[in-house]
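S.K.: predicted model and sequence follow; I will ask about them next.
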Amino acid sequence: HRGGLLTVPDYNNLTQCEALDDIKLNLTATDYGTYLANEASPLYTSTIVDKCTQKLVDDWNNMRCQADETLAKFLDFCTYGHMIDNVVLIVTGTLHERDVQELLDKCHPLGMFDSIATLAVAQNMRELFRLVLVDTPLAPYFSDNLTHEDLDEMNIEIMRNTLYKAYL
């Protein structure tokens, strides 16, 4: 994985770019090149961000699969902040009756977990709370610090901060 990191000259070349296609051209010589290779012009900033994020996630998951138990636990722990943000996004979207797919598309890829889509189909806050307690790696932080009464629009930021405090 170290060979796939951008070098100082790579960064220097990127700072000289005047257009997004120049960035793509400079990244083609790196491990990021395969992620951008099939992207046609005009290139958008969001596309570059999405593809670079995808490379990060792929590298992270690859490293996670090859890790021993201690490192794997640490890598999982590093993703919990993104999981908390994703759960808060799903809770907020559920309160505002947003489309499930739209919510899932906005979730950070490092914070995804197998049962995240089930959170978005909860019919009420009590059910959502139960799903989080049962089906997510964040269950210990929820069960020890929050109740289903805490899951309402007024308490979303309090919930996020409480979860972060318990997590850290």
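M.R.: Arrived safely.
S.K.: for the longest helix seen in the chain, packing partners?
M.R.: Looking across the chain with DSSP state H, the single longest helix is helix 69-95. In terms of contacts (3 or more CB pairs under 8 Å, 6 or more residues apart in numbering; DSSP states H and E), helix 69-95 is packed against helix 45-66, helix 100-106, helix 116-119, helix 125-135, helix 156-167. All C-beta spots, glycine's among them, are computed from the backbone N, C-alpha and C.
S.K.: swap the cut-off to 10 Å and go again
M.R.: Where contact means 3 or more CB pairs under 10 Å, 6 or more residues apart in numbering; DSSP states H and E, helix 69-95 is packed against helix 45-66, helix 100-106, helix 116-119, helix 125-135, helix 139-145, helix 156-167.
S.K.: tell me the most buried of these?
M.R.: Neighbour counts (mean count of other CB atoms under 10 Å) averaged over each of the helices and strands packed on helix 69-95 peak at helix 116-119, with a mean of 19.
S.K.: so where's the chain uncertain?
M.R.: 1-3, 120-125, 129, 132-135, 143-155 (pLDDT under 70).
S.K.: how close does S115 get to Q101?
M.R.: 16 Å (CB to CB, to the nearest Å).
S.K.: mind listing what the residue positioned nearest the centre of the chain touches?
M.R.: By CA atoms, centre = their mean, the chain has its centre lying nearest to H108, at 2.2 Å. Contacts for H108 (CB atoms under 10 Å, 6 or more residues apart in numbering) come out as T53, V57, T79, G81, H82, M83, D85, N86, L89.
S.K.: could you redo the last one with a cut-off of 8 Å?
M.R.: Contacts for H108 (CB atoms under 8 Å, 6 or more residues apart in numbering) come out as H82, D85, N86.
S.K.: just want the angle from the longest helix of the chain to helix 156-167.
M.R.: 170 degrees (axes from the mean of the first three to the mean of the last three CA atoms, to 10 degrees).
S.K.: which residue comes closest to I90 once chain neighbours are left out?
M.R.: L119 (4.5 Å; CB to CB, 6 or more residues apart in numbering).
S.K.: quick one: that neighbour from A72, how far?
M.R.: Separation of L119 from A72 (CB to CB): 24 Å.
S.K.: go on, T47?
M.R.: For T47 relative to A72 (CB to CB), the value is 31 Å.
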